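**Student:** sequence first, predicted model second:
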Amino acid sequence: MKEIILILLLQLVYVPVLTLRTLLLVKGMSTYASVFGFLEALIYVFGLSLVFSGDQSTAAMVVYAVGFGVGILIGSYVENRLAIGFTTFIVNLDNKNEELIARLRQEGFGVTVFEGEGRDSVRYQLEILTKRNREVELFRLIEEYDARAFIISYEPRKFKGGFLLKSLKKQKVKKNAVTPEGSSPTSPHP
């Protein structure tokens, strides 16, 4: 019985580690991915050796498979909570919703507005790049101001420059610029 519980626990750890390793690899964070890969292989070999040692009971194999399935749920939950990376939203509007645009900018979202020709009229498109952990907030704001908006989101792999990177660099500088006394040093440059 202890062996069966251990197999289940190993699977509940193994699959989230596998999920995170895959995510990190896709995001180009190969150093972290290799650490998770090491842990994944170690857990996998240990768990599999438990399943195939001794009498190789059907219960042990079923628990192994159930643990894998539940581990996928846990791994996807952890991945969604971590929300590593960025998302680009393309928002199509029937009219140029100045209130929405102003509110998004006020909340710290970089918004680029395009005007285009739709089938029946002029349409407006907002392009917004944001950190994944702000996706829900962004979606809620858009819904609040324009429930009919057509929204597409995707994850960019690489980007350079722009509003978001400037604001991230400013945040990083602010964190690093605090002196031991708690005050910010004055910069010699304007």
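**Tutor:** Perfect, thanks for sending it.
**Student:** CA only for contacts and neighbour counts going forward, please
**Tutor:** Noted.
**Student:** who does the longest strand seen in the chain touch, helix- and strand-wise?
**Tutor:** The longest strand of the chain (DSSP state E) is strand 122-131. Judged by 3 or more C-alpha pairs under 8 Å, 6 or more residues apart in numbering; DSSP states H and E, strand 122-131 is in contact with strand 86-93, strand 110-117.
**Student:** buried ones in whatever helix or strand comes next after the first one?
**Tutor:** On the C-terminal side of strand 86-93, the closest following helix or strand by DSSP states H and E is helix 98-106. Using 16 or more other C-alpha atoms under 10 Å as the burial criterion, the residues of helix 98-106 that qualify are 100-101, 104.
**Student:** can you put these in CSV and add distance to Phe139 and pLDDT?
**Tutor:** CSV is the format used below for those (distance: C-alpha to C-alpha, whole Å; pLDDT from 0 to 100):
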residue, distance to Phe139, pLDDT
Leu100, 12, 93
Ile101, 13, 93
Leu104, 11, 92
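**Student:** and those, which is closest to Val136?
**Tutor:** Leu104 (13.1 Å; C-alpha to C-alpha).
**Student:** surely the closest one is in contact with Glu98?
**Tutor:** No. Between Leu104 and Glu98 there is no contact, the gap being 9.9 Å when judged by C-alpha atoms under 8 Å.
**Student:** quick revisit: just say which of the helices and strands packed on strand 122-131 is most tucked in.
**Tutor:** Most buried of the helices and strands packed on strand 122-131, by mean neighbour count (mean count of other C-alpha atoms under 10 Å): strand 86-93, with a mean of 20.
**Student:** re earlier: to Lys2, which of the helices and strands packed on strand 122-131 lies closest?
**Tutor:** Closest among these, using C-alpha to C-alpha: strand 86-93, at 42.5 Å.
**Student:** can you list contacts of the closest one?
**Tutor:** Identification of contacts with strand 86-93 by C-alpha atoms under 8 Å, 6 or more residues apart in numbering yields 123-132, 135, 146, 148-156.
**Student:** quick one: distance of it to the chain centre.
**Tutor:** Relative to its chain's centre, strand 86-93 lies at 15 Å (C-alpha atoms, centre = their mean, to the nearest Å).
**Student:** do you know which of the helices and strands packed on strand 122-131 lies nearest Val17?
**Tutor:** Using C-alpha to C-alpha, these put strand 86-93 closest to Val17, at 21.1 Å.
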